[in-house]
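In: Pasted the sequence and its predicted model underneath.
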Amino acid sequence: MKLSRRTFFKLGGAAGAMTIAAAPRAVGASPTAIPGAGMKAVLVDTTKCAGCRACEAACAEANRLAEPAMAGDERVFTTRRVTDQRTFTVVNRFERGGADTRFVKRQCMHCVEPACASACLARALDKTPSGPVVYHPERCLGCRYCMVACPFDVPKYEYESASPFVRKCTFCAERQVKGLEPACTSACPTGALTFGTRAALLDEAKRRIYDRDSKYVPHIYGEEEAGGTSWMYISDRPLDELGFKGGVPTVAYSSLAQPALAAVPFIITLWPPLLMGLYSFSQRRAQAEAEADAHEEVPHA
Amino acid sequence: MRSSAQTMTPQASWFSEKILMGLTPRAYVRSLFTPFDLIAGLILAVGIPVIIYRFAFGLGAATNLTQETPWGIWIGFDMLCGVALAAGGFSIASTVYIFGLKDFHPIVRPAVLTAFLGYLFAVLGLMCDLGRPWNLPIPMIYSFGTTSVMFEVGWCVMLYTTVLALEFSPALFEWLGIGEGIRRLIVKATIGLTVAAVLLSTLHQSSLGALFLMAPTKIHPLWYSPFIPAYFFISAIGAGLSMVIVESSLSHRAFQGRADHEVNLDRVAIGLARAAAVVLFAYFFLKLQGVADGGHWALLATPMGYWFLFEVLGFVLVPSLLFAHGARTRNTRLIKWTAAWTVLGAVVNRLNVSVIAFNWNIEHHYVPSWMEVVTTLTLVTTGVLCFRWTVNRMPILRELPQYRDEH
């Protein structure tokens, strides 16, 4: 067969179109697919944080919380602080041999598939498609299973109240709806916090790690932890030196309870016929025994 | 029944006959001055104000719960142990009605009553623990968290408590002498109710364990296992059977005048011990399999490992062998003490998973406040008082002659 120039382009175009049409499916099925790729996320570069705590102040203002403790006082760093029901984010200082300090901001990690949301029986905690894990206080029963489930100990409870709520960082979901950045990232003066989509930030994190003169540890905390989180950290120190919990499973937490929940339909459909079968067996046995007894009694009668 | 009572005491009102058990009000009050009642009264006198205090001032004022330890003994004991020890209800009902072992028929009603009260007070304990208990209808009516094991537990506990109430209700109708039509309908539905009881119990007994699947980094590896739903289900059966042995021997002693004397309790206890021995033995091997599966053998040589071994050997393997020995030698004394020990073992296990091995390695480990302990004691005491009140009045340990031929 003689290929004309025109036919060649036709065939080539068709093949190309087919490749393009098939491409998205191929990417989606590939093992390198990024969970929550399009969700909003933050990359925290701990080498760039100066410990100014502007993020804490901005957070308190945006969420109408009390002013951060010991604002402007360096002595705040002498104790290791954690977030609580009135403080959604904290910056801690980590030192090596009394010097060479690093600062780490902590807040809700906004998991791609959050443990808290999959643990909540009333959907009071919910993952929004755009990224933030939000709380609907009017649905909350106060069972605190979210606190049991969260691998990062983020949800905090208003134990002091007789009508308590769960409190945690909201990723400034309301600001994001208006097209604004979260208060903390927009307040950061050093570029330690970068706001963007998860896929783009993972690329950026890898670019920094694999740069020629890179000092970074080759680990993006949050890339795989708990199945992936929207807040991700890179550092030039091993992350367990900076207060990060090791040993967090790399699977989404919803998958941990999945086998137990998957068994429910089977138990519901299989138990009744099985039990009814056993029941009819025991009925028949009792009947047979009664008949045997009756037979034995006949000669005596 | 009513006419015979009336011929005995012609002026007896419904109230004095049914509620005061035929005593005059003065004699009834006097009958309450026993050491048991005084202790119970003392507990309630402290406990009820404590519960009011908890609702007025919040969980922080009444409990030692923290941000790191969101669940204390109200979940670990009231809820988990209350439900596990109530597993005798579905175990005995299915033994009698589904497997047709009629020997156990005399203990169905006390087992069902124990289960019903167990669930009722587990739910009341949960109410104390929930921060906003008034929102309980939300996951039931419109906001379904179907990805949550807690959602399944909530639904199953609600449905099963209803099933237990229905299973128990014939005794109530017989006592009141009313609602004969409804009573007969419920008795006819016995098999259906029993199947529902087994189904719902399988689901939520195991799901109470599955709740803890979400805390792999917080629970000590010896207690965290993918098998934990199976552990909870099987150990609940062992604990439930033991609870029935304990409860039936205690109540037949305490309520001699209210019990049928022709019931051979020793035979029942030996039968239950045989079943409990097998169940506990299977549970023991499953526990070993969990250690092997997780590759945690080395952890057994740590302080938490000794505690784990004490639980698994002392509260599972040893009672399993003692039950078997007691059943073989027909030693009911041994069986009863073993049953009490196994009940304690179930409590230890549930507290281990939910409280002791939970965040075992944090700096300030949770210890319950005195108000948490008093609240729990109050709920248990009220449960025992309800049990006594019911057994004293309703046909639980005995059968009324007119219903004797029904089964």
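Out: Now that the structure is in, tell me what you want to look at.

In: Any residues of the stretch 151-300 of chain B in contact with chain A? List them.
Out: Counting by Cβ under 8 Å from any Cβ of the partner chain, the positions of the stretch 151-300 of chain B adjacent to chain A are B:151-152, B:154, B:191, B:194-195, B:198-199, B:202-203, B:206-207, B:210-218, B:226, B:229. Where you see a C-beta, it was placed from the backbone N, CA and C, and this is true even at glycine.

In: Tell me where the stretch 1-150 of chain A has strands.
Out: Remark: strands assigned in the stretch 1-150 of chain A by DSSP state E, counting those that start in this stretch are A:40-45, A:90-96, A:99-106, A:125-127, A:133-135.

In: buried sites along the longest one?
Out: Right, the one you point to is strand A:99-106. Buried residues in strand A:99-106, counted by 16 or more other Cβ atoms under 10 Å in any protein chain shown: A:102, A:103, A:104, A:105, A:106.

In: among the strands of the stretch 1-150 of chain A, which is nearest residue B:174?
Out: Within the strands of the stretch 1-150 of chain A, the stretch nearest residue B:174 is strand A:125-127; the backing value is 47.7 Å (Cβ to Cβ).

In: Report the distance from the closest one to the chain centre.
Out: Its chain's average C-alpha position is 10 Å from that of strand A:125-127, according to Cα atoms, centre = their mean, to the nearest Å.

In: Neighbouring strands of that strand in the sheet, and parallel or not?
Out: Strand A:125-127 has these partner strands in its sheet, going by DSSP bridges: strand A:133-135 (antiparallel).

In: got the contact list for the strand it pairs with?
Out: A:108, A:110-111, A:114, A:116-117, A:124-128, A:165-168, A:170-171, A:173 (Cβ atoms under 8 Å, 6 or more residues apart in numbering or on different chains).

In: Just the ones in helices from the residues you listed, please.
Out: Using DSSP state H, the subset of the contacts of strand A:133-135 located in helices is A:116, A:117, A:173.

In: These: which ones sit near chain B?
Out: The subset of the ones in helices among the contacts of strand A:133-135 within reach of chain B, by Cβ under 8 Å from any Cβ, is residue A:117.

In: Among the ones in helices among the contacts of strand A:133-135, which one lies nearest to residue B:336?
Out: Nearest to residue B:336 among these is residue A:116, at 45.4 Å by Cβ to Cβ.

In: Any regions of the chain where pLDDT drops low?
Out: Since you didn't name a chain, this refers to chain A. Scanning chain A for pLDDT under 70 picks out A:1-32, A:297-301.

In: look at chain B instead
Out: If you take pLDDT under 70 as the line, chain B has these spans: B:1-12, B:261, B:407.

In: ok and the residue in it nearest chain A?
Out: In chain B, the residue that lies nearest chain A is residue B:131 (2.2 Å; Cβ to the nearest Cβ).

In: Neighbours of the residue lying closest to that residue once chain neighbours are set aside, how many?
Out: Of all residues not flanking residue B:131 in the chain, residue A:142 sits nearest, at 2.2 Å (Cβ to Cβ, 6 or more residues apart in numbering or on different chains). By other Cβ atoms under 10 Å in any protein chain shown, 23 other residues sit near residue A:142.

In: Hmm, residue A:142 is touching residue B:128, no?
Out: No: using Cβ atoms under 8 Å, residue A:142 is not in contact with residue B:128, being 11.2 Å away.

In: Would you state the helices of the stretch 51-200 of chain B in chain order?
Out: Counting by DSSP state H, counting those that start in this stretch, the stretch 51-200 of chain B has these helices, from start to end: B:59-62, B:73, B:80-85, B:88-93, B:108-129, B:137-141, B:149-176, B:180-188, B:190-210.

In: if you compare the ones you listed, which one is most tucked away?
Out: helix B:88-93 (a mean of 29; mean count of other Cβ atoms under 10 Å in any protein chain shown).

In: what's the spacing between that one and its chain's center?
Out: On Cα atoms, centre = their mean, the centre of helix B:88-93 falls 11 Å from that of its chain.
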